[in-house]
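1. okay, predicted coordinates and the sequence, questions at the end:
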Protein chains: 2
Amino acid sequence: MSAPISGKAIKRLILYHYILSDCLLKENEYISSQQIAELLKIDDSQVRKDIALCAASGKSNVGYNTKELKKSIEQLLGFKAQKAAFILGAGNLGSALAKHADFADYGLDIAALFDNDPAKIDTLLNGKKIYPLSELYHVATHEQLVNKRKVEIAILTVPASAAQSSAELLVRAQIKYIWNFTPVVLSVPEDVRVCNENLIGNFLDFTND
Amino acid sequence: MSAPISGKAIKRLILYHYILSDCLLKENEYISSQQIAELLKIDDSQVRKDIALCAASGKSNVGYNTKELKKSIEQLLGFKAQKAAFILGAGNLGSALAKHADFADYGLDIAALFDNDPAKIDTLLNGKKIYPLSELYHVATHEQLVNKRKVEIAILTVPASAAQSSAELLVRAQIKYIWNFTPVVLSVPEDVRVCNENLIGNFLDFTND
């Protein structure tokens, strides 16, 4: 890949991908940048600029070929590169994310879940086993040695009171990306990246007119 | 309120609020802008600028009073102004959001849920009743006439195939804000605001190093 794509562009491209998937369902063969822009209430020139990143070209009067543009976005964003992740916390939100059908389509593969509730341990959720949190290091090592894959992503949905101690387990298990759904700001070493999924902040921003 | 606060500032202030809540639990009476900045790996001057929005003042050497700063942020962002919302789709994610303990703390009150699964209809989830989607307009009217509150926010967690038709029900029920967790770009009138909770986009942006 050439120049890195900005986070904002990635997020817009995912929305274009949603629109294109819907167009394919409806058997619309072509779509114009104006149609995309109108749906998203953004500027047409922005859409054309983003699509130019995919090196896709539209035809005047008819627009872009839906199927081709969808494939171009997938290649650009590397959906097909599977990324394995652990989920810590098999409560409501963790379970919902584990069952989130779209994640697999976009390259996120849940390797295993972890929880401290004895009733949940050793059960399966969406075909994935739930382990006690104390086995995190062991499972991560097993994935690397036996399954030949390094799990570098963790989704954190434990209760707030367990968030920091869970983050420390993750650091020890050499997790490099923590997708944090807890309302806790985690203290982690410099080389571990945390993405705070700040639902409350999004909500307050959105409804703050 | 004076000048509007930017979305980015709101999201940072929520994270400061998380940190302050944690400090209070640990009985830390003071916190400095540097400590906050280090936890979030952002610039100290940014933290001071954001905190200045709350008109809170720190003391040199000791920093900000944790309790006072927490209260100032709450006042600034209006946490205490309750906002009522409907959840459409009582599946995994909808249920998780309905049970999300933090939402209530930050002013989001779930008024009712809606789903088309006969097994779920008329049951309670976290004390809130689940209605069939066809009753949305009726329930919204009832809230306004009988409970004297206008529900203007909807959280959309239905399957992708039901997203657009659900959005149309929401428009008819005079919902003004749709918090969209589905992988569908909704087509709605100009005066309805949609916030796309683009989890896939966040994930790809975050792990796209």
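-> Great, that's in hand. Residues are numbered from 1 along each chain as shown, chains lettered A, B, ... in the order given.
2. use CA for all of it now, contacts and neighbours both
-> OK.
3. residue A:170 and chain B, how far apart?
-> The gap separating residue A:170 from chain B is 16 Å, by Cα to the nearest Cα, to the nearest Å.
4. residues contacting that residue?
-> A:136-137, A:154 (Cα atoms under 8 Å, 6 or more residues apart in numbering or on different chains).
5. same thing but at 10 Å, please
-> By Cα atoms under 10 Å, 6 or more residues apart in numbering or on different chains, the contact set of residue A:170 is A:86, A:88, A:133, A:136-137, A:140, A:152-154, A:156, A:164, A:176-178, A:188, A:192.
6. kindly write the PyMOL command that selects the buried subset of those.
-> A single PyMOL command selects the buried members of these (16 or more other Cα atoms under 10 Å in any protein chain shown):
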select buried, chain A and resi 86+88+133+136+137+140+152+153+154+156+164+176+177+178+188
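7. okay, and which of the contacts of residue A:170 map to strands?
-> Under the assignment DSSP state E, the contacts of residue A:170 contribute A:86, A:88, A:153-154, A:156, A:177-178 to strands.
8. can you pull out the low-pLDDT segments for chain A?
-> Applying pLDDT under 70 to chain A flags residues A:1-3, A:80, A:209.
9. one more pass at 50, please.
-> Chain A contains residues with pLDDT under 50 at A:1.
10. for the longest helix along it, packing partners?
-> Looking across chain A with DSSP state H, the single longest helix is helix A:7-25. Contacts defined by 3 or more Cα pairs under 10 Å, 6 or more residues apart in numbering or on different chains; DSSP states H and E place helix A:7-25 against strand A:30-31, helix A:33-40, helix A:44-52, helix A:66-77, helix B:160-172, helix B:199-206.
11. may I have the last one as PDB, with CA atoms only?
-> Output in PDB follows, covering the C-alpha atoms of helix B:199-206 (Å, rounded to 0.1, in the frame of the first residue of the first chain):
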ATOM      1  CA  LEU B 199     -17.900  -0.600  15.100                       C
ATOM      2  CA  ILE B 200     -16.300  -2.200  12.100                       C
ATOM      3  CA  GLY B 201     -14.800   1.100  10.900                       C
ATOM      4  CA  ASN B 202     -13.400   1.800  14.400                       C
ATOM      5  CA  PHE B 203     -11.900  -1.700  14.500                       C
ATOM      6  CA  LEU B 204     -10.300  -1.400  11.100                       C
ATOM      7  CA  ASP B 205      -9.000   2.100  11.800                       C
ATOM      8  CA  PHE B 206      -7.600   1.000  15.100                       C
END
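12. can that helix be said to contact chain A?
-> Yes. Under the criterion of Cα under 10 Å from any Cα of the partner chain, chain A is reached by helix B:199-206 at B:199-206.
13. quick revisit: now for the ones in strands among the contacts of residue A:170: which two are most distant?
-> Largest separation among the ones in strands among the contacts of residue A:170 by Cα to Cα: A:88 and A:177, giving 12.9 Å.
14. what's the overlap in contacts for the two?
-> A:154-155, A:170.
15. pipe these into TSV and attach distance to residue A:43 per row.
-> Formatted as TSV, these follow (distance: Cα to Cα, whole Å):
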residue	distance to residue A:43
A:154	35
A:155	34
A:170	41
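16. which of the residues you listed sits closest to residue B:38?
-> residue A:170 (19.7 Å).
17. most distant residue from the centre of chain A?
-> No residue in chain A sits farther from the centre than residue A:61, which is 34.9 Å out by Cα atoms, centre = their mean.
18. tell me which element that one falls in.
-> Assessed by DSSP states H and E, residue A:61 sits outside every helix and strand.
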